[in-house]
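Peer 1: Sharing a model that was predicted from the sequence below.
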Amino acid sequence: MASSMASAGNSGPAANTLGHNEPWVSSTAAAQHGRAGFSIAMQVTGPTPVPANLAPLLLAQGAGGVTFGATIPGTTRLRISAGINSTNDGCLVTGVSPYAAGSLTGSIVVIRRGSCGFAEKTNNASAAGAIAVIIANNVASAILPSVPGTTIPVFGVTQLEGDALRNFGQANPTNTTAQITFPALPIPNIPDVLAAFSSRGPAGTYNLLKPDVTGPGVSVLAAYAGTTITGFEQLVDIISGTSMSSPHQAGAAALMRQARPTWTVPEVKSALALTAEQQVYIEDSITLATPFARGSGRIRVDRAINAGLVMNETRANYFAANPATGGDPRTLNQANLIDRSCFATCTFYRTFRNVGATGTSWRAQLQGVSGSITPIITVPGNGSLTLKITVYAFSLLPNGNFSFGNVVLTPATGSGPVLRLPVAVAVQPPQLSMPNSLSAVVPTNSAGSVSFTIANTG
């Protein structure tokens, strides 16, 4: 079973939205890369006064449909789909279109994301005469509609922006107008800021830290597919998504495999994680991201290729750690440490291989969480060493919330990048342990008080 790279998913920023929780897979979050992109702007033009949050709105142009290439004038009617508050807004219901023929002629129509595909919503609106569609998200994040086979421009807005359009349009049902401007306007792109759409951990109920790493995934120039096999060989587009950041990690791994052909695939995976840049921010560009948002951090191939220690894992151990058969992923030799039920203390073992022929010494530290670790370790040339790490949970509140830190390995001899293993631990609340059934008379102890036991599930 070889490691592979996969998209973390585009369902963020809510917790537990990750798409790939397999421990042998390296799931990639998406962040900005710092090169400015461009966005289409929509200005609600009337009736006045127009709320400040609608003047203007930056739209995310849909992918796979027609390219927006000419300004839609400010006298254009902006209509709100009648079913915008429903789960199947804009969808066919028992084969019947949600829009009467001609009811949207010449209009920009706002439709809510829901139970049918973006292309179906767009085509239904187009058949009723719409000239453009705005898809409003139904969760608190950005949206990039995929609309192959559609014939009018399609754009995405956040849930908050969609609500603002809905409220203004419903308050002014007969005279709301808007303009969509061409060409696109430059938009800010701050490096190492996570995209709001980037899916977040933790990985369900498993002792598995996800995502693994972060890569650039916002406004990426990418090859694109047309509607036929031939005729679109030169087609490119600016695309956002973890489907952009995942190929970045795959390419980084390919470079690593070429430069370090004797390293196993899990060792390459570990090197990319151990050397990643941890200074990654959530979508507000101010708050530092936790490992459940950025994983180990943003990939740095220049560091990974010079990692002095790497971590291997075997096919047999991956199978043995399967929770479905009673295994626990926390036992795997991963480049992170996680225990969602760390009661009093929790202990981890991590094995590192020295990739060089000469023995090297490393200063080992625990940062951000209390615990014990051997302060100096020496790994023989071409050899391995297993490090014992104990995290103390005495001072953590038993509320199920995670605390984060790092195991930091700094070269004491030789050269090479500092290595970091993210740590995530939580203490679960104590649970009342009672019999499966209670009789009419509750037994008491000799003092006449009811007996029961409080047990911590850790």
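Peer 2: All right, it came through fine.
Peer 1: Every contact and neighbour count from this point should use C-alpha atoms.
Peer 2: Fine.
Peer 1: C342 belongs to a helix?
Peer 2: No - counting by DSSP: H, G, I helix; E, B strand; the rest coil, C342 is not part of a helix but coil.
Peer 1: residues near the closest residue in space to it that isn't next to it in sequence, how many?
Peer 2: Of all residues not flanking C342 in the chain, V427 sits nearest, at 5.2 Å (Cα to Cα, 6 or more residues apart in numbering). Residues within reach of V427, counting by other Cα atoms under 10 Å, total 26.
Peer 1: What's the separation between the residue nearest the centre of the chain and G368?
Peer 2: A centroid search over the chain (Cα atoms, centre = their mean) returns S199, at 2.3 Å, as the residue closest to the centre. Distance of S199 to G368, computed by Cα to Cα, to the nearest Å: 24 Å.
Peer 1: next one: A6
Peer 2: 29 Å.
Peer 1: And N124, which helix or strand is it part of?
Peer 2: Per DSSP states H and E, N124 falls inside helix 118-127.
Peer 1: which residues make contact with that helix from outside it?
Peer 2: Residues outside helix 118-127 that contact it (Cα atoms under 8 Å, 6 or more residues apart in numbering) are 89-92, 97-99, 101-102, 104, 109, 111, 132-133, 135, 145-152, 154.
Peer 1: Next, the angle from the helix or strand just after it to helix 118-127.
Peer 2: Using DSSP H and E, the helix or strand that follows helix 118-127 in sequence is strand 132-136. Relative orientation of strand 132-136 and helix 118-127, computed by axes from the mean of the first three to the mean of the last three Cα atoms, to 10 degrees: 140 degrees.
Peer 1: Quick one: mean pLDDT over strand 132-136.
Peer 2: For strand 132-136, mean pLDDT rounds to 98.
Peer 1: which secondary structure elements does it contact?
Peer 2: strand 108-112, helix 118-127, strand 154-157, helix 159-171 (3 or more Cα pairs under 8 Å, 6 or more residues apart in numbering; DSSP states H and E).
Peer 1: Which elements pack onto the longest one?
Peer 2: Packed against helix 159-171, as judged by 3+ Cα pairs under 8 Å, 6+ apart, are the following elements: strand 72-80, strand 108-112, strand 132-136.
Peer 1: Try it again at 7 Å.
Peer 2: strand 72-80 (3 or more Cα pairs under 7 Å, 6 or more residues apart in numbering; DSSP states H and E).
Peer 1: name the helices or strands packed onto the strand it packs on?
Peer 2: strand 108-112, helix 159-171, strand 177-187.
Peer 1: Pull out the buried residues from the longest one.
Peer 2: Pointing back at helix 159-171 there. Buried residues in helix 159-171, counted by 16 or more other Cα atoms under 10 Å: Q159, L160, E161, G162, D163, L165, R166, F168, G169.
Peer 1: What strand or helix carries R420?
Peer 2: strand 419-426.
Peer 1: quick one: P247 is in a helix?
Peer 2: Yes - with three-state DSSP as the criterion, P247 is assigned to a helix.
Peer 1: Please work out how many residues are found near it.
Peer 2: 18.
Peer 1: number of nearby residues for the nearest residue to N317 once chain neighbours are set aside?
Peer 2: Nearest residue to N317, sequence neighbours excluded (Cα to Cα, 6+ apart): L332, at 6.9 Å. L332 has 25 neighbours, counted by other Cα under 10 Å.
Peer 1: if we can go back for a sec, what's the residue nearest to C342 in contact with, if anything?
Peer 2: Each residue near V427 by Cα atoms under 7 Å, 6 or more residues apart in numbering is listed here: R340, S341, C342, F343, L396, L397, P398, N399, G400.
Peer 1: so how far is R200 from it?
Peer 2: In terms of Cα to Cα, V427 sits 21 Å off from R200.
Peer 1: now P216
Peer 2: The value you get for P216 to R200, if Cα to Cα is used, is 16 Å.
Peer 1: and the residue lying closest to G241 once chain neighbours are set aside, what are its phi and psi?
Peer 2: Distances taken as Cα to Cα, 6+ apart place G217 nearest to G241, at 5.3 Å, with adjacent residues excluded. Main-chain torsions, G217, degrees, to the nearest 10: phi -150, psi 20.
Peer 1: what do you get for L272?
Peer 2: phi -60, psi -40.
Peer 1: Give the burial count for it, as a bare number.
Peer 2: L272, neighbours per other Cα under 10 Å, totals 31.
Peer 1: okay but it is in contact with N306, surely?
Peer 2: No - here L272 lies out of contact with N306, judged by Cα atoms under 7 Å, at a distance of 10.2 Å.
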